[in-house]
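Engineer: This is a predicted model, with the sequence first.
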Amino acid sequence: MNHWIIAPIILPALVAAFLVMALSHDLARQRLVSTAATGLLLATAVGLFMLASDGTTRVYLLGNWPAPFGIVMVLDRLSALMLLITAVLALAVVVYACGGWDAKGRHFHALFQFQLMGICGAFLTGDAFNLFVFFEVMLIASYGLMLHGGGPYRLRAGFHYVAINLVGSTLFLFAVGLIYATTGTLNMADIAVKARSVAEGDVALLRTGALLLFLVFALKSALVPLHWWLPTAYAAAPAPVAALFAIMTKVGAYSIIRVHGMVFGAEAGAVANAAAPWVLPAALLTLVMGALGALATRRLLDLVAFSVVWSMGSLLVAVGLFDAGGMAAALYYAVHSTIAAAGLFLVADMVMQHRGHWADRLTTAPPVPHANLLAGLFFLAAIVMAGLPPFSGFIGKLLVLEAVREAPSAVWAWGLILATSLAVIIGFSRAGSTLFWKADVRADEARPHQDARIPVSAVLATTGMIAVAGLLTVGAGPATGVFAATAEQIMDVRGYVSAVLGPDAMIAMGR
Amino acid sequence: MEILIATGIAALTATGVYLMLLRQTFPIIIGLAFLTYAVNLFLFAMGRLTVDRPPIIATGSPGYADPLPQALVLTAIVISFGMTALIVVLALRGFLETGSDAATAKRGEDGIPGTRDRSQRGGHR
C-alpha cells in the first residue's frame, strides 16, 4: 500500500488548519506557506501521475479495512490526471491571488487549501458516500471563497450558489440512499458488481438512483438545463476563485465519467448505460446556450462564464459517446478547457482592475493602461478558449469532432460545435475590440490611474496558464497517447473491480 | 409502519419543494431544512425498517438493524446543520446590507460585483 496516494488530501488539510491556527494574522507568511504547499502538492501530483502511468490501478485502504467494508482511495490514470490538472491550476491561482486578492478578506489561503483538499478527495475516492463528503468539503470551502471580498451583490449571488448546491447535495443523498437500498454497498467497484445481479423488482429503484446521481453531476458540470447558476456565481466570485472554480465543473464531468461511464457503464446489467441517452442531447443544448449567452452578454466576466458553459458542452459531447475514443477526446478537452477558463478569468480580472468604474462592462471607456500587455494576454487567452488554431482549443475541438464522426448524431454534433464556435469567436472578438480598440479618449476626467501597476505575480500566473496551453499544443502527440491509455483504463471496469476487490470479485461478475 | 414513514417523507419533501419555489430567502431556507429532514429519514429507512434490533454484534440477538445508514445519517445531519447555519448567516447579511430578502441577484446600474450597490436598495426598510 503506497501512502503517497492519500497525500493530496492530507497535505492541504494540514496546511489549511495550520494557516488558520498559527498564521491567521500574518498575510506574508500565509502567502509563503500556501504557495509552498501548493508547490508541494504539484510535486506530489506529478509523482502520482508518473506512478499511475504504468497502468496499474492502486488502492489505498483507509484504516486498512478490507475493500467493500472500509473506504478506499483509488489511484488510476484518470484520477492521477485530474490531480495533476488541479495542482497546476492551483499553483497559478495561488500565485495570482498573492497579487492582492487575498488581502481583501480573511482566511483566503486556508479556504483555498480546504477547497483543494475537497477537490483532490473527490478525484481519489472510490466510495459513493465518501464522494458526497468530499463534494461537501469542496463546496463549503467554495462558499467561503466565493464570498471573499464581500459586498451586497456577491452576497446575493452567493445565496443562490449555496441554495442550489444544497438542493444538489440533498439529491445526492437521495441517490446514494437508493443505491445502498438496492445494492447493499457504497463502494463503487462493489456497486459495479452488485448492479449486475440486482433483484428484478429493484431495477427501477437502482436506475432512479443512478439517474438522480447523474442529475447532481449534471448540476455540477453546468449541463443544460441546470446551468443557470454558473454565470451568476462565476461572475460574482473573485477572479482567482472563479479560475479555481474552472476545475469544479470538471469534478462534475469526472464524476459522470467515473460513475456513469464506469460503474453504471456498459457492463452494469439491467442498469447499463442509464445516463447515456441524456448526456449527448443535453451537451448539445449546452453548446447552444453557452454560445447564445456569449453573444448576448454585455459584461466581460459573464462572457467568460458563458464560454465555460459552452466548453462544458463540447466536453460532454465527447463524454456522451461513452466509448474509448470519446473519453480520450473528452480528457484532452477537459485539461485544455480548465487551463483556458482559468487563464481567461485571470486576464479578465487584470483588465477589469484597470478600467476604473467601467470595470467589466463592454462599453467604450478611456484607453486601458498597459494596453499592449493586457490586450496581448486577452487575445492569447481568448484564442485558446475559442479554439482557434494554433492553440490547444483547436486540437481539442478537432479531437472531439473526430470522436463523434461515427456516432448517429454526428451531423448535429458537427453542425452545433462548429456553429457555436463561430458564435463564441464573435463574442470574444467583439469584447476584445470594444475593450481595447474603441477607446474613448475624450473621457479624460474619469481616466483610470495611469500608474496602476500590474503585479508581477498576476502576469506570471496568466502567462503560466497560457504557457501550459502552449505546452499542451506542442505536446499534443504524447498527450493524446496518454489520454487514449487513460480512456482504455476507464472502459476496463473489470480491471478496476479486480484491483479494488481482488480477483475473486471477477467470479461474481461472470464470464 | 412503512406507509407512515413513506407518507411522512413524502409530506416533508413536498413541503420542502414548495417552499424552495418561493422567492424570498427565508422560505427557501425553511424549505431546505424540510428537504434535509426528508432525506435523513429516507436514508434511515434505506437500511430497512427494523424494531428492537441492535446495530452492533450482541450475543443471542435474533437479528440486526443495519448500522451503515445510521452512520450515513449522522454525517448527513452534521453537514446539513453546518450548511443551514451558513445559509442563514448569508441570508441575514444579505438582508442587512441590501434591505430586502428577495432571493434574486441583479446588478444595479453601477453593477460592479462586490462594490456597494445603492440602486438595489428597494424593499422594506
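Structural biologist: Arrived safely, thanks for sending.
Engineer: Does the longest helix seen in chain A pack against any helices or strands, and if so which?
Structural biologist: Counting by DSSP state H, the longest helix found in chain A is helix A:152-183. Contact analysis of helix A:152-183 by 3 or more C-beta pairs under 8 Å, 6 or more residues apart in numbering or on different chains; DSSP states H and E lists helix A:128-146, helix A:188-194, helix A:203-220, helix A:229-236, helix B:25-45, helix B:67-98 as its packing neighbours. Where C-beta positions appear, they are placed from N, C-alpha and C, glycine not excepted.
Engineer: Is the last one positioned near chain A?
Structural biologist: The one in question is helix B:67-98. Yes - applying C-beta under 8 Å from any C-beta of the partner chain, one finds helix B:67-98 touching chain A at B:68-69, B:72, B:75-76, B:79-80, B:82-83, B:86-87, B:90-91, B:93-94, B:97-98.
Engineer: Can you select the buried ones among those for me in ChimeraX?
Structural biologist: Buried subset of the residues of helix B:67-98 next to chain A, written as a ChimeraX selection, criterion 16 or more other C-beta atoms under 10 Å in any protein chain shown:
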select /B:68,69,72,75,76,79,80,83,86,87,90,91,93,94,97,98
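Engineer: Might you list the low-confidence residue ranges for the chain?
Structural biologist: All of this is about chain A. Along chain A, segments meeting pLDDT under 70 span A:441-452, A:508-511.
Engineer: wait, chain B
Structural biologist: Scanning chain B for pLDDT under 70 picks out B:104-125.
Engineer: Quick one: closest of the helices and strands packed on helix A:152-183 to residue A:282.
Structural biologist: For the helices and strands packed on helix A:152-183, the distance to residue A:282 is smallest for helix A:203-220, at 6.8 Å, taking C-beta to C-beta.
Engineer: List the buried residues of the closest one.
Structural biologist: Buried residues in helix A:203-220 (16+ other C-beta under 10 Å): A:205-220.
Engineer: for residue A:274, helix, strand, or coil?
Structural biologist: Three-state call for residue A:274 (DSSP: H, G, I helix; E, B strand; the rest coil): coil.
Engineer: the inter-axis angle of the longest helix of chain A versus helix B:67-98?
Structural biologist: Orientation check (axes from the mean of the first three to the mean of the last three C-alpha atoms, to 10 degrees): helix A:152-183 against helix B:67-98 gives 170 degrees.
Engineer: Distance check, the closest residue to residue A:309 other than its chain neighbours against chain B.
Structural biologist: Among residues not flanking residue A:309 along the chain, residue A:290 sits closest, at 3.7 Å (C-beta to C-beta, 6 or more residues apart in numbering or on different chains). Separation of residue A:290 from chain B (C-beta to the nearest C-beta, to the nearest Å): 20 Å.
Engineer: I'd guessed residue A:290 sits against residue A:313; true?
Structural biologist: Yes - using C-beta atoms under 8 Å, residue A:290 makes contact with residue A:313 at a distance of 5.5 Å.
Engineer: Give the intersection of the neighbour lists for those two.
Structural biologist: residue A:420 (C-beta atoms under 8 Å, 6 or more residues apart in numbering or on different chains).
Engineer: Farthest from the middle of chain B: give me that residue.
Structural biologist: residue B:60 (39.5 Å; C-alpha atoms, centre = their mean).
Engineer: near chain B, which residues of the stretch 151-300 of chain A?
Structural biologist: Checking the stretch 151-300 of chain A against chain B by C-beta under 8 Å from any C-beta, the hits are A:151-160, A:162-163, A:166-167, A:169-170, A:173-174, A:176-178, A:180-181, A:186, A:232, A:235-236, A:238, A:299.
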